[in-house]
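> Model the structure of this input:
(2 chains)
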2 protein chains.
Amino acid sequence: MSHSRVVIVGGGFGGLYAAKRLGGLPLDITLIDRRNFHTFQPLLYQVATAGLSPSDITAALRWILRKQRNTTVLLGDVVTIDASQKQIFLSDGKAISYDTLILATGVTHDYFGNDSWEKPAPGLKTIEDATEIRSRILRAFEAAEHAPDNVENEGWLNFVVVGGGPTGVELAGAMSELARQTMRHDFRGINPAATEISLIEAGPRILQAFPPSLSDQAKKSLRALGVSVLTDTRVTEISNHHVRLSSEKGNETLKTKTVVWAAGVRASPLGRDLAKSLGLECDRSGRIPVEPDLTIAGHPEIFVIGDLASFTHKGGKPLPGVAPVAIQQGRYVAKTIKHRVRTGRQNLRKPFVYINKGELATIGRARAVANFRKLRFGGYPAWLIWLFVHLMYLVEFENRVLVFVQWAWNYVTRNRGARIIAHGWKTDRETQV
Amino acid sequence: MSHSRVVIVGGGFGGLYAAKRLGGLPLDITLIDRRNFHTFQPLLYQVATAGLSPSDITAALRWILRKQRNTTVLLGDVVTIDASQKQIFLSDGKAISYDTLILATGVTHDYFGNDSWEKPAPGLKTIEDATEIRSRILRAFEAAEHAPDNVENEGWLNFVVVGGGPTGVELAGAMSELARQTMRHDFRGINPAATEISLIEAGPRILQAFPPSLSDQAKKSLRALGVSVLTDTRVTEISNHHVRLSSEKGNETLKTKTVVWAAGVRASPLGRDLAKSLGLECDRSGRIPVEPDLTIAGHPEIFVIGDLASFTHKGGKPLPGVAPVAIQQGRYVAKTIKHRVRTGRQNLRKPFVYINKGELATIGRARAVANFRKLRFGGYPAWLIWLFVHLMYLVEFENRVLVFVQWAWNYVTRNRGARIIAHGWKTDRETQV
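Below you'll find the predicted structure:
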């Protein structure tokens, strides 16, 4: 008997957790990703600020799934989905048929129509993004040390982070620690403590998913770290030399060579194309609306999960694009498929319900905010919980140990061990990768 | 009073150890490197085979020297040395004057005139080399899994290492372990244990710096790991698809997409240019002949150390290009400069003498060879000593801990945690970095 073919596109939290729960079943599973590894995205900002290495927060998909004999991992780029023929096509022309499809390709950056901002202000979604941002930050200090008299004029020591969500907050805090603590003794011509870090947020407060009291606390923590927090401020222009801002107080130009974009996301092109071909109306980020069981309307064999899915509990807001949502959706879909295998029926299980265990954001060494339903607190205890939760979720045991050792060491010494500028002395950004 | 200016070009073992010994002296020291970090080259092969991460074997030069207030680190590319004016010039036009120059720019690969071999057969001298080779190796397995029927025809699972010195031996051994142990359960369409690894050596035996008995032992260890050792064999052609070999038995063509060059080195262009401008005759690798005190004849203010220097004890062979030589030379030069500062005289100290503490090469998990003067042995004890020596020399304490944890974990699980293919699915080698 030939087994039912399950194709999972995307090895992020959603796709990987679905795959892990399908091991041992009489299925023929193929997990396809454009990378050969899973990335623990919540810690990308630590790679971007030289605290952790790429390999600390990645694990080879093959290695994670090596003992699941019913699962094949394929490195490939899915370019088309033909829902009527139940086939997907890779960039090399290869076609793969499915009986069940799990689409978990996530999101990419969105510059809200200003695509020219992408080069001067990269986003932080992949390992390559993180090492590129790391190189830019470190290179800015090197350029400053090279010509200390030009520092102010060129804005080498001004860093701008656009977007006051968890990623922006965590990045700005870590940048400040890198400059003010790690690099304190490292330069002779410049004073890295003079680094100016600005966090730009268009809305009235940072960390809008948290209660206002915690937003306030986060803002205070950032200020204590020397980060300027500019709320109610919009970005109107980004170039290689400056960022223009607009707020009620008027317009302002910040000279800077180093900008990171953490302001918006948009569904991956593959998801948008599929939605279009099926006549589905996506939300304004291009995310695909899903049924209560995470399938696409009229296609019970196609599940969409993770950041790519727009899921709304009755009367509620769409779920946020965070790892816990993707993990729970991946597990839910695996259960549904298991149920179908066992009963042979396509009928609905009970609808997906997201259990929000709380939100965490870290601002820096020993600083964080935690929001667990009625329990809201910040500071050291929140930071310890943040540490614990992130270590526990790091997929592979080895990563946990390595990250823990590195964090412990960084905590004691304030060092950051991964200070690598790719391609060293070359200053032409075009040649960097 | 203005201090004497010491410029050190190159932050490898020679330059870094010289710099470290000059801290606290009334000198104005500038260390210039094209990278912002020191690389622990003896372990590059472990990065190339996914056992360690780049950050495990690198440390920011600024961080290492942060407490030496008399030392400035500069990221830059030195393009010219004007010995008559005592100046060096960076690629951006900046001129830096010196009273004393320490040249420690090392060597690069040498293809003996066949420069077209560089693309299909990269060498292993830098972190970028290592991650590129890592990507090629891992990508070859991915390509094989993608089209298992083409594997034999395309040679995806044939790997060739050219050069039977320590780097070649260590690489071939680690490649075999990666394929046969780490990846044992990872594929569904191919059997990674079928990987063929060939180590090509033009001379009559591998590890020629070791006594013949240890060469034999290393060869046996490699064969036990499934590596074909071809001695007395010359490479006559390397392309993207194959390697042609020539030996007394005739000619042979190996189909392969993955070749690593570990066969020859040549002095860095900067050193060769300097030698030329001073009318010095270099050895056939372009290394600069030095006086017994490691200065250049007629230029007591210019020291050349490490792989770039061709130093010969009276009646002996030139010293090999290994880390211990560079470290001892760096320390010797620092002592000489200290002596000059204290006495105000340029006169010779006693000549440099290399103390050879022995040679080590590892062939794989629990396999190595050790040569300590009269003491020659292999196997587990040699491997333990290899482990200990390399951990002790890793410059920064943090690296030691991290590398140890990673090695211990790899030893137990046979996993290799740094399995990252840069730029994932893209198969065009031109776009890889």
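> can you list the domains in chain A?
Domain ranges of chain A: A:4-109+A:265-343, A:115-262+A:363-414, per automatic domain parsing.
> will you turn the ones you listed into TSV that also has distance to chain B and mean neighbour count?
(Each C-beta comes from the backbone N, C-alpha and C, glycine too.) Shown next, in TSV, are these (distance: least, Cβ to the nearest Cβ, whole Å; neighbours: other Cβ atoms under 10 Å in any protein chain shown):
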stretch	distance to chain B	mean neighbour count
domain A:4-109+A:265-343	4	20
domain A:115-262+A:363-414	4	19
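> possible to save those domains as TSV with distance to B:Leu101 and mean pLDDT?
What follows is those, written out as TSV (distance: least, Cβ to Cβ, whole Å; pLDDT from 0 to 100):
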stretch	distance to B:Leu101	mean pLDDT
domain A:4-109+A:265-343	31	93
domain A:115-262+A:363-414	19	91
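> want to try CSV for those domains, with distance to B:Arg35 as columns?
Output for the domains of chain A, formatted as CSV (distance: least, Cβ to Cβ, whole Å):
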stretch, distance to B:Arg35
domain A:4-109+A:265-343, 14
domain A:115-262+A:363-414, 11
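> quick one: secondary structure of the closest residue in space to A:Gln346 that isn't next to it in sequence?
Leaving aside its sequence neighbours, A:Gln346 sits nearest to A:Pro300 (Cβ to Cβ, 6 or more residues apart in numbering or on different chains; 5.2 Å). What DSSP: H, G, I helix; E, B strand; the rest coil gives for A:Pro300 is strand.
> what are the C-alpha coordinates of the helix or strand where A:Gln46 lies, in CSV please?
Assessed by DSSP states H and E, A:Gln46 sits inside helix A:44-48. Extracted C-alpha coordinates of helix A:44-48, given in CSV (Å, rounded to 0.1, in the frame of the first residue of the first chain):
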residue,chain,number,x,y,z
LEU,A,44,18.7,36.3,15.6
TYR,A,45,19.3,39.7,17.2
GLN,A,46,22.0,38.1,19.3
VAL,A,47,23.8,37.0,16.2
ALA,A,48,23.4,40.5,14.7
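> Off-centre distance for it?
10 Å (Cα atoms, centre = their mean, to the nearest Å).
> can you check stretch A:9-20 too?
15 Å.
> Name the next helix or strand downstream of whichever strand or helix holds A:Ile102, please.
Using DSSP H and E, A:Ile102 maps to strand A:100-103. Counting by DSSP H and E, the next helix or strand C-terminal to strand A:100-103 is strand A:107-109.
> Now do that following strand: which elements does it pack against?
Under the contact criterion of 3 or more Cβ pairs under 8 Å, 6 or more residues apart in numbering or on different chains; DSSP states H and E, strand A:107-109 touches strand A:265-267.
> Quickly run through the sheet partners of the strand it packs on, with directions.
Strand pairing for strand A:265-267, using DSSP bridges, gives strand A:107-109 (antiparallel).
> Now do the strand it pairs with: everything it contacts.
For strand A:107-109, the external contacting residues (Cβ atoms under 8 Å, 6 or more residues apart in numbering or on different chains) are A:118, A:122-123, A:125, A:261, A:264-269, A:285, A:287, A:307-308, A:321.
> Quick check on A:Ala193: phi, psi?
phi -70, psi -10 (degrees, to the nearest 10).
> er, A:Ser247 I mean
Backbone phi and psi, for A:Ser247 under degrees, to the nearest 10, turn out to be phi -150, psi -180.
> Skipping adjacent residues, who's closest to A:Arg188 in space?
Per Cβ to Cβ, 6+ apart, closest to A:Arg188 is B:Thr72, 4.5 Å.
> In contact with the one you found, which residues?
B:Thr72 sits in contact with A:145, A:188-189, B:29-31, where contact means Cβ under 8 Å, 6+ apart.
> let's go with 10 Å and repeat that
A:145, A:187-189, B:7, B:28-32, B:62, B:65 (Cβ atoms under 10 Å, 6 or more residues apart in numbering or on different chains).
> what's the closest of the residues you listed to A:Ser97?
Ranked by distance to A:Ser97 (Cβ to Cβ), the contacts of B:Thr72 are led by B:Arg62 at 55.0 Å.
> residue ranges of the helices in the stretch 201-350 of chain A, please?
Taking DSSP state H, counting those that start in this stretch to define them, one finds helices in the stretch 201-350 of chain A at A:212-224, A:269-277, A:323-343.
> The stretch 1-150 of chain A too?
Counting by DSSP H, counting those that start in this stretch, the helices of the stretch 1-150 of chain A are A:13-21, A:44-48, A:61-64, A:127-146.
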